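Trainee: dropping a prediction and its sequence here:
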Amino acid sequence: QKEVEQNSGPLSVPEGAIASLNCTYSDRGSQSFFWYRQYSGKSPELIMSIYSNGDKEDGRFTAQLNKASQYVSLLIRDSQPSDSATYLCAVWNYGGSQGNLIFGKGTKLSVKP
Amino acid sequence: SAVISQKPSRDICQRGTSLTIQCQVDSQVTMMFWYRQQPGQSLTLIATANQGSEATYESGFVIDKFPISRPNLTFSTLTVSNMSPEDSSIYLCSVVDGGSETQYFGPGTRLLVL
């Protein structure tokens, strides 16, 4: 059973701090990794995708991938109260008829003003 | 990215009835999926909707309970049959756009079964 693990939180950080969200995955052959943000009552929206080891930056967001350790993380710099949401880590699964995403349970982030 | 709409956005249904949820995409997409998200939980894949053939269901989901149609590359329906309160959930349509593995989600259908 391929799995994606996240700390459910809640993770609480003060406004302006760096929020660090972590994710591990079980399938060593995984190649594609995604972070989604989900506000309460809304559907998930894609924040970042990462395919290669190392860091990928987009504005205040940085995704980090370490395939040897089977570890993906998301850093949010200068956290804002509007970043308060559940963050879902997802890994593309090449099994089945065409493949699909496997999601972690999500980490709830709370940014305190 | 593709623009996805779902109808209805929410509904309250009586147990034993069925509800059909529609998913419309503004462009042709290679893959369409249906997910369920129960209160406070993460996303669970119900099935992959295959164009012109039977959907591929995940373990724990069966066609009799969740029949799916996908008549073309922009449209799919999910029916929740013979509903019980345990089916109260958010149902999400999701698509893969083009040749990437990036998935986008529709706004969801919030279902409450009494």
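Mentor: That came in fine, so what should we check first? Residues are numbered from 1 along each chain as shown, chains lettered A, B, ... in the order given.

Trainee: give me the neighbour count for residue 28.
Mentor: Using chain A here. Neighbour count of A:R28, defined by other Cβ atoms under 10 Å in any protein chain shown: 8. Any C-beta I mention is one placed from the backbone N, CA and C, and that applies to glycine too.

Trainee: correction: the question concerned chain B.
Mentor: Residues near B:Q28, counting by other Cβ under 10 Å: 13.

Trainee: for the residue nearest to A:V111 when sequence neighbours are not counted, phi and psi?
Mentor: Excluding the flanking residues, the one nearest A:V111 by Cβ to Cβ, 6 or more residues apart in numbering or on different chains is A:S79, at 4.5 Å. With angles defined as degrees, to the nearest 10, A:S79 sits at phi -60, psi 140.

Trainee: show me how far the helix or strand of chain A with the lowest mean pLDDT is from its chain's centre.
Mentor: Within chain A, no helix or strand scores below strand A:100-103, which has a mean of 89 by mean pLDDT, DSSP states H and E. Its chain's C-alpha centre and that of strand A:100-103 lie 12 Å apart, by Cα atoms, centre = their mean, to the nearest Å.

Trainee: mind listing what's buried in that strand?
Mentor: By 16 or more other Cβ atoms under 10 Å in any protein chain shown, the buried positions in strand A:100-103 come out as A:N100, A:L101, A:I102, A:F103.

Trainee: got the end-to-end distance for stretch A:79-87?
Mentor: With Cα to Cα, to the nearest Å as the measure, stretch A:79-87 spans 14 Å from end to end.

Trainee: whoops, I mixed them up, stretch B:35-49
Mentor: End-to-end distance for stretch B:35-49, by Cα to Cα: 11 Å.

Trainee: same deal with stretch B:58-73?
Mentor: First-to-last residue span, stretch B:58-73, Cα to Cα: 21 Å.

Trainee: buried residues in that stretch?
Mentor: Here stretch B:58-73 shows B:F61, B:K65, B:F66, B:P67, B:I68, B:R70, B:L73 as buried, counting by 16+ other Cβ under 10 Å.

Trainee: burial measure for the nearest residue to B:V96 once chain neighbours are set aside, as a count.
Mentor: Spatial nearest neighbour of B:V96, excluding adjacent residues (Cβ to Cβ, 6+ apart): B:M31 at 4.0 Å. By other Cβ under 10 Å, 19 other residues sit near B:M31.

Trainee: B:M31 reaches B:T48, doesn't it?
Mentor: Yes - here B:M31 lies in contact with B:T48, judged by Cβ atoms under 8 Å, at a distance of 6.6 Å.

Trainee: which residues are common contacts for these two?
Mentor: Residues within reach of B:M31 and of B:T48 at once, by Cβ atoms under 8 Å, 6 or more residues apart in numbering or on different chains, are A:Q98, A:N100.

Trainee: circling back: and the residue nearest to B:V96, what pLDDT?
Mentor: As predicted, B:M31 sits at a pLDDT of 88.

Trainee: which SS class is A:W35?
Mentor: strand (DSSP: H, G, I helix; E, B strand; the rest coil).

Trainee: same question, the one 5 residues further on
Mentor: When the structure is reduced to helix, strand and coil (three-state DSSP), A:S40 reads as coil.

Trainee: tell me how far stretch B:95-102 lies from the chain's centre.
Mentor: 17 Å.

Trainee: kindly check the end-to-end length of that stretch for me.
Mentor: Counting by Cα to Cα, you get 8 Å between the two ends of stretch B:95-102.
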